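Participant: How does the following fold in three dimensions:
(2 chains)
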Number of protein chains: 2
Amino acid sequence: MTVAHAPAVLDVVAIGNALVDVIAQADEAFLAAEQLDKGSMRLVDARRAEELYSRMAPGLEASGGSAANTLAGMANLGRKCGFIGQVADDQLGEVFAHDIRAVGVNFSTPAMTGGVPTGRCLILVTPDGQRTMNTSLGVANSLYASAIDQALIESAAVLYLEGYLWDLPETRAALATAIKIAHTAGRKVAFTLSDAFCVGRYRDDFKAMLAAGDIDILFCNEGEILALIEHDDFDAAVAQVAPQVPMLVCTRGEHGAIAVTGGVITHVPAEPIAKVVDTTGAGDLFAAGFLAGQADGLSVHASLTMGAIAAAEVISHYGPRPETDLTALIAGRV
Amino acid sequence: MTVAHAPAVLDVVAIGNALVDVIAQADEAFLAAEQLDKGSMRLVDARRAEELYSRMAPGLEASGGSAANTLAGMANLGRKCGFIGQVADDQLGEVFAHDIRAVGVNFSTPAMTGGVPTGRCLILVTPDGQRTMNTSLGVANSLYASAIDQALIESAAVLYLEGYLWDLPETRAALATAIKIAHTAGRKVAFTLSDAFCVGRYRDDFKAMLAAGDIDILFCNEGEILALIEHDDFDAAVAQVAPQVPMLVCTRGEHGAIAVTGGVITHVPAEPIAKVVDTTGAGDLFAAGFLAGQADGLSVHASLTMGAIAAAEVISHYGPRPETDLTALIAGRV
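Facilitator: From the prediction side, this is the model:
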């Protein structure tokens, strides 16, 4: 039986942690002294966040959150998007809501009152451009089923979820509901593995989702796919994961990125840039470019190229969202 | 009679508006639609700030405030400084306090409770790099005599004041007290005219301060000195103002800067830079470099050169404070 579905109004609806980034420079000695794993994200409680902040250099604040960054990139590329995430009724919550709405993303999750603050991610950027993230979730930790806007999810061609959300016990059930809503409405579900340590914590859940056919498009980087199958051979990891998902997209930093669909592997090189300033948002913007390309009906190769260009833009400056017109950067390239 | 004064412990103590900048890109059409004078600062009330913010593009938040930026630059150059300014006990107040302390500036003005927020400056940066500022003073408007830390002022070789403070009626009397404290302790008083429109509002006050000998070092730019004497000839303006102050420092954008002391005019060219990204903080950092050079006992020419280098660094990126080690940039140059 074929079910007729309404045409999608939005390209992507994403559910993610609503965070404001606090970005500061740090050297390797600082990371060592604070026992931080370079390049990873870890959750910290409010007290540890305060302690770390007190030792950090002066910061720049910018709206962040992995899935929210992806939407900001897609909106920059002219795609229509919606976001579901929890902020508090405080100054950083206003900043987050302003910034995502200012790029044209539909965001209407009500701000939470009660004194728990908007989530913050303290990001330390080393001279090599790598970012090390310390997330104090605050009220983002209260993303409950009540926030799952069924009509919004049904209205979008793709539901996009970040693996970071699995750190929120109350949220996991809400996400299962969201996936069911999307699939029932004939929509695709995209998922990012987010972080190798995150994969380590929720490997079984992520594997079960793949096995159950919950995921239509899987985004990851090399470290994350290796963590998923607990292997150290990239080609073997791809060979094992690709058959479990209709579309696998895997970024490899300076080695570019691949996509695998229907058994076919497509590769693009990384975009050359003058200097890597801050890698924050690289994966998020790669996903933005790829999903925008797919929404445009472009080939896998062209979609990967858009991902590579969007990622290159965001790592060439501080901050996790594009600062230039990505459409202009891509013009003539795909 | 010669009065013996204690040696100064700090190089500069500054009193200024404690503000967090919200920096966003805007085009000329936006400025026209919002009836904004490009390159100037204007005060807006909370309602107008909210209205303007709702129409602005996504922002980057960074600690700002003219005099505070100058101190951040001086601290970057290894000088010892203290700041007096009013923040609220809110998230942006924490950001301001963290950032100025993180660069090593002594800042202990207690945060104010009561619900009025920390001051914000909405900065629109046009493609030519010019910044147009809309300041919602919030609690910065409550910088009263009780905040004037006599011991702190007495401990610094220079007291630095920004002309913007004259917009705060309650503050003017406190500043007169601060000037008296500094001079009684044998310290110098530096003053920046801040903004041509600001000069237009308080011209008589500023002229009276010069005439009374309240000011030992006057910082300004070309537009401000012309506004002060209501003239359109730069050389004539300098000829008129210079005799009224022991040291006059006037920046001229791409034409460099001059200092006049003892009837001698010293000129330095502007530092060449690849691209002007955001002129926010240019004058503030020029003052930082100049004052640091003077604190180091350098010549007027060398001090101007340090100012030009510090200003060039800050206009080559978004944000009003240096992001690189200014000492390294200056090494071998003075």
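
Participant: So what sits opposite the nearest residue to residue A:46 once chain neighbours are set aside in the bridge?
Facilitator: Nearest non-adjacent residue to residue A:46, counting by CB to CB, 6 or more residues apart in numbering or on different chains: residue A:136, 5.7 Å away. Every residue, glycine included, has its C-beta placed from N, CA and C. Counting by DSSP bridges, residue A:136 is bridged to residue A:120.

Participant: quick one: residue A:136 from chain B, how far?
Facilitator: 12 Å (CB to the nearest CB, to the nearest Å).

Participant: Just give me the neighbour total for that residue.
Facilitator: The number of residues packed near residue A:136 is 24, by other CB atoms under 10 Å in any protein chain shown.

Participant: doesn't residue A:118 make contact with it?
Facilitator: No - judged on CB atoms under 8 Å, residue A:136 makes no contact with residue A:118 at a distance of 9.7 Å.

Participant: sorry, back to before: list the contacts of the residue nearest to residue A:46.
Facilitator: The contact partners of residue A:136, by CB atoms under 8 Å, 6 or more residues apart in numbering or on different chains, come to A:43-46, A:48-49, A:119-122.

Participant: Tell me which of those residues fall in strands.
Facilitator: A:43, A:119-122 (DSSP state E).

Participant: need those residues in a markdown table with pLDDT, can you?
Facilitator: A markdown table is the format used below for the ones in strands among the contacts of residue A:136 (pLDDT from 0 to 100):
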| residue | pLDDT |
| --- | --- |
| A:43 | 95 |
| A:119 | 98 |
| A:120 | 97 |
| A:121 | 98 |
| A:122 | 98 |
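
Participant: Please convert the buried members of those into PyMOL selection syntax.
Facilitator: One line in PyMOL is enough to select the buried members of the ones in strands among the contacts of residue A:136, burial here meaning 16 or more other CB atoms under 10 Å in any protein chain shown:
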select buried, chain A and resi 43+119+120+121+122
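
Participant: As CSV, the ones in strands among the contacts of residue A:136 with distance to residue A:289 would be great.
Facilitator: What follows is these, written out as CSV (distance: CB to CB, whole Å):
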residue, distance to residue A:289
A:43, 28
A:119, 25
A:120, 27
A:121, 22
A:122, 27
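
Participant: Give the buried residues for stretch A:204-216.
Facilitator: Buried-residue list, stretch A:204-216, by 16+ other CB under 10 Å: A:206, A:209-210, A:214-216.

Participant: Strands of the stretch 151-300 of chain A, start to end?
Facilitator: Using DSSP state E, counting those that start in this stretch, the strands assigned to the stretch 151-300 of chain A run over residues A:156-162, A:188-192, A:217-221, A:247-251, A:257-261, A:264-268.

Participant: which helices and strands does the second one pack with?
Facilitator: Pointing back at strand A:188-192 there. Other elements packing on strand A:188-192 under the criterion 3 or more CB pairs under 8 Å, 6 or more residues apart in numbering or on different chains; DSSP states H and E are strand A:156-162, helix A:169-184, strand A:217-221, helix A:282-295.

Participant: what angle sits between the second one and strand A:188-192?
Facilitator: In this case it means helix A:169-184. Going by axes from the mean of the first three to the mean of the last three CA atoms, to 10 degrees, helix A:169-184 is angled at 150 degrees with respect to strand A:188-192.

Participant: So what touches helix A:169-184?
Facilitator: Applying CB under 8 Å, 6+ apart, the contact partners of helix A:169-184 are A:15, A:141-145, A:147-148, A:150, A:153-154, A:156, A:159, A:161, A:165-166, A:188-189, A:205, A:209, A:214.

Participant: In helices, which of those residues appear?
Facilitator: A:150, A:153-154, A:205, A:209 (DSSP state H).

Participant: from the residues you listed, which single one is nearest residue B:55?
Facilitator: Proximity of those to residue B:55 was ranked by CB to CB; the top entry is residue A:153 with 29.1 Å.

Participant: can you tell me which residues contact the closest one?
Facilitator: Residue A:153 makes contact with A:13, A:159, A:178, A:181-182, A:185, A:187 under the criterion CB under 8 Å, 6+ apart.

Participant: Read off the pLDDT value for the residue nearest to it when sequence neighbours are not counted.
Facilitator: With CB to CB, 6+ apart as the criterion, residue A:153 has its nearest non-adjacent residue at 4.8 Å, and that residue is residue A:181. Model confidence at residue A:181, given as pLDDT, is 98.

Participant: ditto for the one 4 residues further on
Facilitator: We have a pLDDT of 97 for residue A:185.

Participant: Hmm, it is touching residue A:9, no?
Facilitator: No - between residue A:185 and residue A:9 there is no contact, the gap being 11.5 Å when judged by CB under 8 Å.

Participant: Neighbour count for these two, which is higher?
Facilitator: Comparing residue A:185 with residue A:9 by other CB under 10 Å, the one with more neighbours is residue A:185, at 19 against 14.

Participant: if we can go back for a sec, can I get the strands of the stretch 151-300 of chain A in a markdown table with mean pLDDT, mean neighbour count and distance to residue A:91?
Facilitator: Output for the strands of the stretch 151-300 of chain A, formatted as a markdown table (pLDDT from 0 to 100; neighbours: other CB atoms under 10 Å in any protein chain shown; distance: least, CB to CB, whole Å):
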| stretch | mean pLDDT | mean neighbour count | distance to residue A:91 |
| --- | --- | --- | --- |
| strand A:156-162 | 98 | 25 | 24 |
| strand A:188-192 | 98 | 24 | 29 |
| strand A:217-221 | 98 | 25 | 32 |
| strand A:247-251 | 98 | 24 | 34 |
| strand A:257-261 | 98 | 21 | 37 |
| strand A:264-268 | 98 | 14 | 40 |
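
Participant: Residue A:291 is in contact with residue A:67, isn't it?
Facilitator: No - with contacts counted by CB under 8 Å, residue A:291 stays clear of residue A:67, the gap being 11.1 Å.

Participant: list residues touching both of those two?
Facilitator: Common contacts of residue A:291 and residue A:67 (CB under 8 Å, 6+ apart): residue A:160.

Participant: ok, now which ones touch whichever residue of the stretch 101-250 of chain A sits closest to chain B?
Facilitator: Closest residue of the stretch 101-250 of chain A to chain B, CB to the nearest CB: residue A:102 (4.8 Å). When contacts are counted by CB under 8 Å, 6+ apart, residue A:102 touches B:24, B:56-59.
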